[in-house]
Structures are given as C-alpha cells and as structure tokens.
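Undergrad: sharing a sequence plus its predicted fold:
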Amino acid sequence: MTVPRVALGSLDTLWFQVAGTVCNLACTHCFISCSPTNRTHDMMSLEEVASHLEDATRLGVKEYYFTGGEPFLNPEMEAILEATLAVGPASVLTNGLLLDPARCQRLAALAAASEYSLDLRVSLDGYTAEGHDAIRGEGTFDRALEGIRHLHAAGLEPVITVTEVYDDNGSVAGKERFFSLMRELDIEHPRLKMMPVFQIGAEAERRGAYESWQRLRDEDAPADGWDHLQCSTCRMVTDQGVWVCPILVNEPSGKMGDRLADTLGDFPLAHPACWTCHVYGVTCRT
Amino acid sequence: MSQRIPEDPDLQARRAAQRARLAAHRGLATWGERLVPLATFQAASARAGRSLDSAARDAAVASFLAPRSDPTPVEGPFRRIAVCGGVYNNHYALAAWITAARQRGAEALYCLGDLGGFGPSPHKVWPLLEEHRVRVSQGNYEQSLASGREDCNCGYTDPRDNHFARLSYEYTAQRCSAAFKQWMGELPERRRVALHSPSGRRRELLLVHGSPRRVNEFLFESTTPAPYLEALLDQQQADAVLCTHSGLHWHRPLPSGRDLVNVGVLGRPANDGRTEVWFALLELDEPSGDLQVELCPLPYDHLALATEMRHERLPEEFVATIEQGWWTTCLEILPARERARGRF
Ligand code: SF4
Ligand code: SF4
C-alpha cells in the first residue's frame, strides 16, 4: 500500500502558531491538547514572525492566519498583526476570553489603518452555556459572548467558529440557532465557520481515536488529484519551523523544514487526520 | 433555548479531568496522543524536515514561482475594449452595456461569465451575446449548467444563502435550452487579449472568471494583497489580470506597473445603495503605455427588470437589491471590510 503525496500548488494561506500550544483553556476537544502549561510549541516573537513574513511575500502568500493556543496570550500579538496587515489580510482564531474593550478598540484601529481585512474568529461550541461550557469549561460561554459584544461595540464583526462536537451543531436547525444567537447580540452581519472534529489530541480521549481503516490510499485520489486538501495551498509556521498544515503540529513528522523555502515540495498523506480532511473536505481557513 | 446534547454520565469526572489538564503539561509535550518529555519532542522536531542551504532555497523558490506555459491564443491587438462580469440573467443591463460600450468606442466586447442566476428569463441573454459578437468566457455557473450539476458550486454555509442560491440556480437551469447549455460548455475558461497604443506600446491581459488558478476563487479588494498579485502575474506572464465572480468592482495598480482589475458584474448593483451596475473600459495610456482602467457605472432600466422579476415570481429579496442597491443574500462570501460597507 503506497501513501499518496500531496503537492503544494500555490502557497495561498500561511498560518502562524503564534501562541504555541499555550492556552488559557484546556478544551476537551482541542485537537492539539492546548493548555496553560503546554509548551510543545512556544510563543513566537514579532521578530520571528516578521522574518517569515518576508519570505512569504516573496512566495506570493494571499492571506495570513494566527492561532494557538490563544493568540492574545502573546504579548506581541498586536504588533505582529500590524506587521502582517502591511502585507496582506489577517485572521485571528481566538476563544474570545481576552477581548476586553480596550483591546478591541486597538484592534479596530489596526483594521482601519490597513488596506487589507482583519478578521476575528471567535469559537463557540454550543449555542447554550450548557453545551459550550461542557467542552470549554465553566463560565466560558458568557465570557466569550462578552468578548463578542466588545468586538461589536468597537465596530469589528467576528466570524463565529463552530466545531461539530454535537451532531446538533452542524444541522440546518443548529446553524440557524447560532445565527439567531448572533442576531440577539445585535450582530448585523453574522458569519459562521463550521469545522469537523479531528479525532486527535484531547478529542481522541473524549470520543476515541481513529481506527486502522481510516487512512488514505493512492486509490482514494479523486480524478483531479488532491487539490481539494488545504495542504495543497497552505503551510504552518511555529517557533520550531514550518509544518505542513495547522492540524499536524503535534507530530514531528508533520514538520517539513526550517524555512518556507524548505517546504515547497510534496507531503505524504500518512496520518489518519488526513482521512478526515479528505472525507469532510476540511479547510481551516474561513 | 436548550440544546440537545448527549447525556454525559461522567460529567463530574470530566470536570475534574479538565482541571487536571490545565496543569498536566508541565515539562511535557503532547506528541499526538502521547505525553513525552518536552526535550524528546523538540529533539524529534529538530531532526524532522529538511533544511536547505541558501542556494538551494533560492532555487526552490525560483522553480516554485516559475512561469507556467499557457497555450491560450492571444486575441487582438485592440485599442480599446469593454469588459463586463456576471450577467445573472439581467438582459436589460446587458443590452445597456452593449450600447454604452459601442458609444465609448470599444473595438471588442468581453464578458467574463456567470450568465445566469438571480434575474429573470435566462433565454433572453444568449441572443444578445450572439448578435453583438460578445466574446464570452466560462464562469462557474456555465460549468455547473453545462455539466448538469445540481448547484452553482458557490458553497455557502448559511442555510439562508443556500436556499436562495439553489432557488435561482434551479430557475435558471430549467429555462436554459440544451443548445444554450452545450454552448456554455464549449466556452473557453480563459482568454488572452493584447492592447496596443498608436505609438506601438503593447500589453497583454489575462481574462478569467474567478482567478487564474480557480474558476470559483473570490478576489476581493481587502483580501487580495499586492505581493500575491505580483507573484501571480509573474507566473501567468501577463501585464494585467481581469476577473469578476465576487460581484464587486475594484482596481489595484501594483508597484511593478501591472494591474488587477475586477470588472464587477452587470447582474446586480455593487452593494453601495446605488442602482447602477458596473463594467470596465480598458486602453493604453499615450505615451506611457500604462494600462488605463475606467470602472464605469451603468444606468439601465432597473425598474423594468424589477417588474419582470416580480412577474416571474422571483424572491422579493432579489428584487429589493435591484431597486435599492443593497445586497440581501449571498452575503457570507464578503470579507469583513466589504461586508461592513453594506446595509445587510
Ligand atoms: S480549542 Fe482553542 S481555546 Fe480550546 S484549548 Fe484548544 S486552543 Fe485553547
Ligand atoms: S491533516 Fe489534512 S491538511 Fe494536514 S496533511 Fe493531512 S490532509 Fe493535509
């Protein structure tokens, strides 16, 4: 059985694991098991990010995404966004807990000063406190909504990211509940990003790991190749180098090189998470 | 509001586990599902992947960005062309555009695809295109209709957007003849057009629907940065790219002197509270030879269109957009900045 390989067609989306695996939460579905004490990947400095941005502009990157852990735990996060917004649009994936009014005002000023879009993506895993807090920890639903209100008050309209931790979340009725929740928060332009769950990291403990048949084989390749996988157009930079995608950062085998120029070749789709990507058509970008 | 969530008999235990997890990783790394000493993970990741020397890195970047060969024939050269985007069945605007383009001295008329959807009476579009020899390229709508797909391939997540997208796709699909669909299937996906000036300057434009890479890629002003476009133009060996698909017109002149022009669409207004729709006129500046881009608002009989849409029982939401100039549907594709400018 040969492992299929995915080529990098173009480098459109560049991710930064800007807060490493450090988070102020420890969600039960977190596919990279982030926590306040998880330093598998560490915070990135402005200087590190800037040096990769330079490579990225040369390679024609179209958009930048920042994740962690919780990006706003990074003390240089706003300076990093300012540097990024000078060369392209940026999105930040946040749990919403650190979005106090003053920060939201500063983010709005950064957005207004750039010719490119700044998007904030706040995670909600249930449309009720009961559902959300069971995954993310007590009190987190109310605090995330508080953060969303502050963003809204500053004129920034977040995208809500919802993982399909409950079957209910992804159904048409479920999506409508999220939209109506946002409208209750006075968000005039609600946007929703759905994500399937990866059975890795903490999620493997919650609902079980992959089974042995959940692997990609050459014969699974669609007629037009593996272009539908996000790893055909993205890379992920962490403090330890460049990984193939945002999903495999806790696998050393997902690392492709030290600099972007080392990682322009193809990658073997050997991990069971690749099966989820293929079957569900996952892309982590908005 | 209550949510149906599965019974969790071990809720207490899980909460305790969660508290434990907050402190669980001190000095440890998460390698997949295993906990290993931090140094073990770091040593493994330091060994993984490759680290090229600087010459090899330059070579890798150069080959990654190398120009792609493109057999697309070059049309022209022309002095001035008019280019429009998605028609969305708006045959009133299409007719007005043809007249305006001729009046403004365009030698050739180009349409970048997405002929159907949204508006009424799809069969009225084809004869206009044929009679006035409009050079059409294929949009995702034509691809979907020609191949018998069940949707327009826009991929909305909002159930409301999906509902409206499906409704207008089905309306169009049922009213396009087999011959029209077959013609759509034979349209080229891209065209190359040369412009020249009286003093002999020349520029080559690449005309596509979404982007040169993907027919259904959205190029919006606030999410399409200059460095990306420079690399794209190098690779595509063109002086400018002209596109549509996103529904909003914009123009970005690049530091290298090249251009990206989104010509907008004829099908519906640009979410700006005006009833006009937009198209582009292009020629070369004399004597510099720079591309001159004029994005033109086009008034047309939008009230007649609204009447016909009501007659065809198309959704009031669509008619409101035509009458008031604000998008009411398919808004989720808009990036934060473009969306904030609209009313909905
Ligand atoms: S899912 Fe997000 S918020 Fe939750 S622990 Fe992981 S990184 Fe932190
Ligand atoms: S996990 Fe998904 S994105 Fe990452 S390498 Fe596998 S298929 Fe690609």
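TA: Right, received. Where do you want to start? Ligands and ions are numbered 1, 2, ... in the order given.

Undergrad: what about A:G265, helix or strand, and which?
TA: Assigned by DSSP states H and E, A:G265 belongs to no helix or strand.

Undergrad: quick check: closest non-adjacent residue to B:R68.
TA: B:Q235 (5.7 Å; CB to CB, 6 or more residues apart in numbering or on different chains). Where you see a C-beta, it was placed from the backbone N, CA and C, and this is true even at glycine.

Undergrad: distance between the helix or strand harbouring that neighbour and the chain's centre?
TA: Take DSSP H and E as the rule and B:Q235 turns out to sit in helix B:226-236. How far helix B:226-236 lies from its chain's middle: 16 Å, per CA atoms, centre = their mean, to the nearest Å.

Undergrad: so in that sheet, which strands flank the helix or strand that that helix is followed by, and in what orientation?
TA: Counting by DSSP H and E, the element after helix B:226-236 in chain order, helix or strand, is strand B:240-243. Here strand B:240-243 has these sheet partners by DSSP bridges: strand B:202-207 (parallel), strand B:259-263 (parallel).

Undergrad: would you mind giving those strands as TSV with mean neighbour count and distance to ligand 1 added?
TA: TSV is the format used below for the strands paired with strand B:240-243 (neighbours: other CB atoms under 10 Å in any protein chain shown; distance: least, CB to the nearest ligand atom, whole Å):
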stretch	mean neighbour count	distance to ligand 1
strand B:202-207	21	41
strand B:259-263	25	35
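
Undergrad: wait, which of those is closest to ligand 2?
TA: Shortest distance between ligand 2 and the strands paired with strand B:240-243, using CB to the nearest ligand atom, is found for strand B:259-263: 28.3 Å.

Undergrad: list of residues touching that closest one?
TA: B:83-85, B:112, B:219-221, B:224, B:229, B:239-244, B:246, B:248-254, B:278-280, B:282, B:291, B:293, B:295 (CB atoms under 8 Å, 6 or more residues apart in numbering or on different chains).

Undergrad: that strand vs helix B:226-236, what angle?
TA: For strand B:259-263 against helix B:226-236, the angle by axes from the mean of the first three to the mean of the last three CA atoms, to 10 degrees is 100 degrees.

Undergrad: and after strand B:259-263, which helix or strand comes next?
TA: From strand B:259-263, the next helix or strand downstream (DSSP H and E) is strand B:277-284.

Undergrad: tell me the contacts of B:E338?
TA: Counted by CB under 8 Å, 6+ apart, B:E338 has contacts A:117, B:220-222, B:248, B:271.

Undergrad: please repeat the previous calculation with a cut-off of 10 Å.
TA: A:117, B:218, B:220-223, B:246-248, B:250, B:270-271, B:327, B:331 (CB atoms under 10 Å, 6 or more residues apart in numbering or on different chains).

Undergrad: list just the nearest of those residues to B:L65.
TA: Ranked by distance to B:L65 (CB to CB), these are led by B:T223 at 20.9 Å.

Undergrad: just to revisit the earlier point, the residue nearest to B:R68 - how many residues pack around it?
TA: For B:Q235, the count of nearby residues is 18 (other CB atoms under 10 Å in any protein chain shown).

Undergrad: B:Y88 versus that one, what's the distance?
TA: 31 Å (CB to CB, to the nearest Å).
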